[in-house]
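S.K.: Provide a 3D model corresponding to the input given below.
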Amino acid sequence: RFVFSARKMIKQTGILEKKAFEAVIALGVKRVIVQAIFTISNIFLARLLFPADFGAFAIVTFVGSIFSVFADIGLGPALIQKKDKIATHELQTVFTFQFSLSFLIFLLINLIASHAASFFGLGDRGTLLFHVFSFYFLFGPFKTTSGAILERNLEYQRLVIVELAEIFTASASTVILAILGFGVFSFVIGGICGHIVGATFYFIFSPWPVRFRLSLKTLRSLSRFGLNVQINGILGLFYGSLVLLYLGKQVGAENLGFYQFAASLSVLPLAFSEIVNRIAFPLGARVQADKVYFKKIVERSLTIVSMTTLPLVFIGIAVVSSVVHFIYTDRWLKSLPAIYLGLVQIGFISYTGIFGQLLLSLGQSRVMRNMGIVWAVLTWVLAPILIGKFNFIGMSLTALLVSISGLWLIFRMRREIRFSWWPNFLPYFISSLASGFLAFILIGLLPRTIINLILIAGFASILYLIFIFIISGKQLRENFKFLISAFGIANHKLK
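M.R.: I've put the predicted structure just below:
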């Protein structure tokens, strides 16, 4: 019996390795396509619309995100983290509860629309924006339930297709509407178009017997994990949407627009670490009992984050001013200090994000809840002072200081798993710093042209690859062999 159990565990691990490998490929392809879509659409929108439009939409979105936290008491993550197979009545209970909350929020937003618009100085246009935006919530439950099934089963090929369809529809609709002169309404209507397509595709790829059914026993069972996630989500409002609404109230929609633009550019280095974050939670949850394999997941995740995020941060800091000048126009140069601070912040977030997901996969939702309390308190201690002194740049500085505190999660993970840190971090940090410094020097020495910008960014990237092969080539080869062998073993075990 023991031998049979061990063989079963090995086979399951092999299947998960294969699915994880396929997920990395699928999410990597998705990230490249999504980045292309966002970059092209943002260039159009930055030229067609104005900072005040970006700021008005941000205010409406932040208000909506406050309500969205209460549309789900962490039931989606609870389904993913659940050790046993998901039952039909659990799906129906989650859907019924979420849809009921979403419909109540839809009504509530319509009731407060005029008051919210008046409070933030958006006028009648803002009232209509809130009315239209409220329809977002009616499609969420369809996406959450089917999405949880796909994510739990690591069916990322299907998830990628759904998400690409939604993102492409939303982005294309937004740009077309902006060209047609819909202004800030382009964002809201385009987003709703994307939500409709996303909800439809989710259900096509992961159908389940839709029925309004509420089991209090099931709700209580799932909420044991979900409520801690929900509390962390509520706390997230205090260092997320609420403080950004405070920023909008204090500095106005236009300056909030500059902050949002800076945030949208500075998150680009997170491209690969977001892939790792996406896989780490469901994969870690499925293998949490195997500490040896879990340690491999931690160290491989750390390596990938270091290898991909750090060079983008350092090279990005060197070239971003030229990128804004040539691509987005000088209209947005006012946001540069916030972009620099945001890029540094991303360097910290890339690590705190992955360790947060891995701790959640071990069921440590209380740890993340407590971390959320710390972030919320720090945000509201620092933000009013720094915003008052530095305008919207003070918010970027606040976000950076709060993110640094999240490094404690790394030490907390070491209490669970004794993993290696320096071999998976230091070589990539040194190589990235050297490449970024060289790019910075060349930007200052060579004439400022878009051709030189492309050549400098490319040269710095190639130099980074040379550095890491010199400093840590053996480890890179071992990681590559690990991925290939994991994929090959998994394929063999499935035959």
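S.K.: Show me the shaky parts of this structure.
M.R.: The model of the chain has pLDDT under 70 over residues 1-28, 72-74, 81-84, 154, 224-230, 473, 475-495.
S.K.: middle-most residue in it, spatially?
M.R.: By CA atoms, centre = their mean, the chain has its centre lying nearest to residue 274, at 5.9 Å.
S.K.: Report the contact partners of the residue nearest to it when sequence neighbours are not counted.
M.R.: Among residues not flanking residue 274 along the chain, residue 31 sits closest, at 7.1 Å (CB to CB, 6 or more residues apart in numbering). For the C-beta atoms, the positions are set from N, CA and C on the backbone; glycine is no exception. Residues touching residue 31, when contacts are defined by CB atoms under 8 Å, 6 or more residues apart in numbering, comprise 271, 272, 274, 275.
S.K.: what helix or strand is the second one on?
M.R.: Following DSSP states H and E, the helix or strand that holds residue 272 is helix 271-286.
S.K.: That helix packs against which elements?
M.R.: Helices and strands in packing contact with helix 271-286 are listed as helix 2-48, helix 75-81, helix 291-323, helix 336-361; criterion 3 or more CB pairs under 8 Å, 6 or more residues apart in numbering; DSSP states H and E.
S.K.: For burial, what's the neighbour tally of residue 431?
M.R.: 25 (other CB atoms under 10 Å).
S.K.: That one is in what secondary structure piece?
M.R.: Residue-wise, residue 431 maps onto helix 426-445 under DSSP H and E.
S.K.: and the angle for that helix with helix 291-323?
M.R.: On the basis of axes from the mean of the first three to the mean of the last three CA atoms, to 10 degrees, helix 426-445 is oriented at 0 degrees to helix 291-323.
S.K.: list the buried ones in helix 426-445?
M.R.: By neighbour count, with 16 or more other CB atoms under 10 Å as the criterion, the buried positions of helix 426-445 are 427-429, 431-436, 438-440, 442-443.
S.K.: chain center to it, what's the gap?
M.R.: Put simply, helix 426-445 sits 26 Å off its chain's centre (CA atoms, centre = their mean, to the nearest Å).
S.K.: Kindly export that helix (C-alpha atoms) in CSV.
M.R.: C-alpha atoms of helix 426-445 as CSV (Å, rounded to 0.1, in the frame of the first residue of the first chain):
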residue,chain,number,x,y,z
LEU,A,426,23.2,38.1,-6.5
PRO,A,427,24.5,37.1,-9.9
TYR,A,428,21.5,38.6,-11.6
PHE,A,429,21.6,41.8,-9.5
ILE,A,430,25.2,42.4,-10.4
SER,A,431,24.7,41.8,-14.1
SER,A,432,21.6,44.0,-14.2
LEU,A,433,23.2,46.8,-12.4
ALA,A,434,26.2,46.8,-14.7
SER,A,435,24.0,46.7,-17.8
GLY,A,436,21.7,49.5,-16.6
PHE,A,437,24.7,51.6,-15.7
LEU,A,438,26.2,51.2,-19.2
ALA,A,439,22.9,52.1,-20.8
PHE,A,440,22.7,55.2,-18.7
ILE,A,441,26.2,56.3,-19.7
LEU,A,442,25.5,55.7,-23.4
ILE,A,443,22.2,57.6,-23.3
GLY,A,444,24.1,60.6,-22.0
LEU,A,445,26.9,60.4,-24.5
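S.K.: Mind giving me the packing neighbours of that helix?
M.R.: Using 3+ CB pairs under 8 Å, 6+ apart as the contact criterion, the secondary-structure elements in contact with helix 426-445 are helix 291-323, helix 450-494.
S.K.: could these be laid out in JSON lines, adding mean neighbour count and distance to residue 165?
M.R.: Converted to JSON lines, the helices and strands packed on helix 426-445 look like this (neighbours: other CB atoms under 10 Å; distance: least, CB to CB, whole Å):
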{"stretch": "helix 291-323", "mean neighbour count": "21", "distance to residue 165": "26"}
{"stretch": "helix 450-494", "mean neighbour count": "15", "distance to residue 165": "27"}
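S.K.: TSV for those, including distance to residue 243?
M.R.: Formatted as TSV, the helices and strands packed on helix 426-445 follow (distance: least, CB to CB, whole Å):
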stretch	distance to residue 243
helix 291-323	23
helix 450-494	33
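S.K.: Go through these and name the closest to residue 198.
M.R.: Ranking those by proximity to residue 198 (CB to CB) places helix 291-323 first, at 26.8 Å.
S.K.: could you say what helices and strands the closest one packs with?
M.R.: For helix 291-323, the packing partners by 3+ CB pairs under 8 Å, 6+ apart are helix 241-266, helix 271-286, helix 336-361, helix 426-445, helix 450-494.
S.K.: sorry, back to before: nearest to residue 386, out of the helices and strands packed on helix 426-445?
M.R.: Nearest to residue 386 among the helices and strands packed on helix 426-445 is helix 291-323 (20.6 Å), distances taken as CB to CB.
S.K.: what's the angle from that closest one to helix 241-266?
M.R.: Counting by the same axes, to 10 degrees, helix 291-323 lies at 70 degrees to helix 241-266.
S.K.: Tell me the gap between helix 291-323 and the middle of its chain.
M.R.: Here the centre of helix 291-323 is set off from its chain's centre by 15 Å, with CA atoms, centre = their mean.
S.K.: Kindly report the same for stretch 336-346.
M.R.: Averaged C-alpha coordinates place stretch 336-346 at 17 Å from its chain's average position (CA atoms, centre = their mean).
S.K.: Using PDB, list the CA coordinates for that stretch.
M.R.: These are the backbone C-alpha positions of stretch 336-346, laid out as PDB (Å, rounded to 0.1, in the frame of the first residue of the first chain):
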ATOM      1  CA  LEU A 336       9.100  60.900 -14.900                       C
ATOM      2  CA  PRO A 337      10.000  61.100 -11.200                       C
ATOM      3  CA  ALA A 338       7.000  58.800 -10.400                       C
ATOM      4  CA  ILE A 339       8.100  56.400 -13.100                       C
ATOM      5  CA  TYR A 340      11.600  56.100 -11.600                       C
ATOM      6  CA  LEU A 341      10.200  55.500  -8.100                       C
ATOM      7  CA  GLY A 342       7.800  53.000  -9.500                       C
ATOM      8  CA  LEU A 343      10.500  51.000 -11.300                       C
ATOM      9  CA  VAL A 344      12.500  50.700  -8.100                       C
ATOM     10  CA  GLN A 345       9.300  49.600  -6.300                       C
ATOM     11  CA  ILE A 346       8.700  46.900  -8.900                       C
END
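S.K.: Need the contact partners of that stretch.
M.R.: Defining contact as CB under 8 Å, 6+ apart, one finds that stretch 336-346 is touched by 258-259, 262-263, 265-267, 269-270, 309, 313, 316-317, 320-321, 324, 392-393, 395-397, 399-400, 403.
S.K.: Can you turn the buried part of the residues you listed into a PyMOL selection?
M.R.: The command below creates a PyMOL selection of those among the contacts of stretch 336-346 that count as buried (16+ other CB under 10 Å):
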select buried, resi 258+259+262+263+265+266+267+269+270+309+313+316+317+320+321+324+392+393+395+396+397+399+400+403
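S.K.: What distance do you get for residue 392 to residue 244?
M.R.: Residue 392 sits 10 Å away from residue 244 when distances are taken as CB to CB, to the nearest Å.
S.K.: residue contacts, residue 106?
M.R.: The neighbourhood of residue 106, defined by CB under 8 Å, 6+ apart, consists of 134, 135, 137, 138.
S.K.: which ones among those residues are found in strands?
M.R.: Using DSSP state E, no member of these sits in strands.
S.K.: Many thanks, I have nothing further to ask.
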